[in-house]
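A.B. asks: sharing a sequence plus its predicted fold:
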Amino acid sequence: MNVYLVHHTSVLSAEQDPERHLSESGRAECARLGGWLKANGVTPVRILHSEKQWSLESAERIAEAMGQADKTALAAYPCNTGHDVAPFIKEIEAADGDMMMVGHADFLIRTASKLLCGNEDANIVAFKPSWGTCFRLTRDGDNWALTSGWRQEHLAA
């Protein structure tokens with residue numbers, strides 16, 4: 001099983017757009033990442049996102065580029081900065097296939113740390129400075145490993 005942790009793509013500032021839609025570069029980042037994931041056979045059973053506009057829009061655009069627009073869903077629990085990662089980990093454990101979460105760096109970093117070493121404060125991965133970064137964690141039995149990471153500069157090459 002794989003879990004794909006995707007930091008949302010670039011957004012407009014609150015001054016530019018109070019609803020915080022994706023910027024032009026953010027839309028391009030979604031197309032690049034979604035196209036790359038599709039070309040590499042990534043097929044999650046669900047593509048989750050938070051209620052924030054920029055996470056929803058990132059998830060929808062990435063899923064569309066993957067040809068999997070019907071797989072997106074709002075997470076049934078809070079998954080923003082500071083929220084508990086346990087509900088997402090419980091959903092991963094119950095999943096019947098690969099999962100993807102498109103969201104916020106803090107939540108994704110703590111999820112990766114909890115899965116990889118049991119300590120969500122370990123900060124094993126870093127999503128900055130690149131928006132639209134994706135990490136793949138792979139489970140083998142009871143053990144998780146960080147198996148891949150992609151940043152926008154890798155995808156543009």
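C.D. replies: All right, it came through fine. Not measured: the values here are computed from a predicted model. Residues are numbered from 1 along each chain as shown.

A.B. asks: would you mind listing the buried residues in stretch 86-101?
C.D. replies: Using 16 or more other CB atoms under 10 Å as the test for burial, stretch 86-101 gives F88, E91, I92, D98, M99, M100, M101. (Glycine included, C-beta is placed from N, CA and C.)

A.B. asks: which other helices and strands does the strand or helix carrying L146 contact?
C.D. replies: Taking DSSP states H and E as the definition, one finds L146 inside strand 143-150. Secondary-structure packing of strand 143-150 (3 or more CB pairs under 8 Å, 6 or more residues apart in numbering; DSSP states H and E): helix 105-117, strand 134-140.

A.B. asks: other residues contacting the helix or strand following it?
C.D. replies: Sequence-wise, the next helix or strand downstream of strand 143-150 (DSSP H and E) is helix 152-156. Residues outside helix 152-156 that contact it (CB atoms under 8 Å, 6 or more residues apart in numbering): E29, R32, L33, W36, S130, W131, G132, T133.

A.B. asks: so for helix 152-156, what's the average pLDDT?
C.D. replies: What helix 152-156 shows for mean pLDDT is 77.

A.B. asks: mind listing what the closest residue to G132 other than its chain neighbours touches?
C.D. replies: Nearest residue to G132, sequence neighbours excluded (CB to CB, 6 or more residues apart in numbering): E29, at 3.6 Å. Applying CB under 8 Å, 6+ apart to E29 gives the contacts T9, S10, W131, G132, Q152.
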